[in-house]
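all I have is the shape, not the residue letters:
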């Protein structure tokens, strides 16, 4: 389940970026005890992927700690060091069924999770960050308990539809991206957007919701900032103790 000695440079870079994402999630208070999970595909079909070990705090994750798993291996959960059942359920099925999910980040950040606890967890376009997600989030209101079996994983994978963000009612959020930097940036702005909306709700005043035309134009304009994710993530990584690369 751990890397072979001849793991390629691309996998090494991916390991370092994913390890950095765990460390940064702690800084932003997105972690929760020793749960939650991030993964990254290393095969073209997405079925071979890196995943954090069971019950290891995000603050301690190193590149070499990441498990190398195959979604086609029926014995993964029977080994000596199996992944967290929920992690295997969600990530194994999403990477199998959504090859575009090169990186998948699942966690319970405070404001996004609070939003997902509402009867209507949709993000309203009330500022440029919330508008970033206009018509670009899937919402799953089918929560049935802890995600720990294959069928629930399949259901969650299907719930994404053609979106890269899944607001999971009564649960948390999952985001996907082509790279760790891209997925991390999406998660970053998703939590910021949720914070803005929760704070706006807390005033008890009516929301100033943009028109559909303005919201769509604002969301589309974010595409021009594609390189922003790489710059942001690189500068955040530079603030970390380099032990994450070990």
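Cool, the structure landed. Worth saying up front: this structure is predicted, and the values here are computed from it rather than measured.

okay, CA-based contacts and neighbour counts for the rest of this
Noted.

where is the longest helix in the protein?
When the chain is parsed with DSSP state H, its longest helix is helix 180-202.

tell me the average confidence for it?
Helix 180-202 shows a mean pLDDT of 98.

list the buried residues for that helix?
180-188, 190-198 (16 or more other Cα atoms under 10 Å).

beyond that helix, next helix or strand please.
Sequence order places helix 212-221 as the next helix or strand after helix 180-202, per DSSP states H and E.

tell me where the protein is predicted with low confidence.
Residues of the chain meeting the criterion pLDDT under 70: 1-8.

check which helix or strand covers the one residue sitting closest to the centre of the chain.
Most central residue of the chain, judged by C-alpha distance to the mean C-alpha position with Cα atoms, centre = their mean, is residue 105 at 2.0 Å. Assigned by DSSP H and E, residue 105 belongs to strand 103-107.

confirm residue 166 sits in a helix?
No: per DSSP: H, G, I helix; E, B strand; the rest coil, residue 166 lies outside any helix segment and is strand.

report the separation between it and residue 186.
11 Å (Cα to Cα, to the nearest Å).

before we move on, what about residue 127?
Distance, residue 127 to residue 186, by Cα to Cα: 16 Å.

so residue 34 is in contact with residue 59, correct?
No: if you go by Cα atoms under 8 Å, residue 34 and residue 59 don't touch, sitting 9.5 Å apart.

more crowded one of the two?
Between residue 34 and residue 59, residue 59 has the larger neighbour count (other Cα atoms under 10 Å), namely 18 against 13.

nearest residue to that one other than its sequence neighbours?
residue 23 (5.0 Å; Cα to Cα, 6 or more residues apart in numbering).

in a strand, that neighbour, correct?
No: Residue 23: not assigned to a strand; according to three-state DSSP it is helix.

can you give me the strands in the chain?
Listed in chain order, the strands found in the chain under DSSP state E are 37-41, 48-51, 67-70, 103-107, 138-140, 165-168, 172-177.

distance from the chain centre to the fourth one, please.
Computed by Cα atoms, centre = their mean, to the nearest Å, the separation of strand 103-107 from the middle of its chain amounts to 2 Å.

next one: the third one
Taking Cα atoms, centre = their mean, one finds the center of strand 67-70 at 18 Å from the center of the full chain.

what is that strand packed up against?
On a contact count with 3 or more Cα pairs under 8 Å, 6 or more residues apart in numbering; DSSP states H and E, strand 67-70 meets strand 48-51.

for residue 47, grab the count of nearby residues.
25.

now it: how far from residue 18?
Distance of residue 47 to residue 18, given as Cα to Cα: 17 Å.

could you report the neighbour count for the nearest residue in space to residue 195 that is not next to it in sequence?
Nearest non-adjacent residue to residue 195, counting by Cα to Cα, 6+ apart: residue 111, 5.1 Å away. Using other Cα under 10 Å, the number of residues around residue 111 comes to 21.

contacts only, for residue 111.
Going by Cα atoms under 8 Å, 6 or more residues apart in numbering, residue 111 touches 191, 192, 194, 195, 198.

just residue 169 next, same as before
Residue 169 neighbours (Cα under 8 Å, 6+ apart): 116, 117, 118, 121, 139, 140, 141, 142, 143.

thank you, goodbye.
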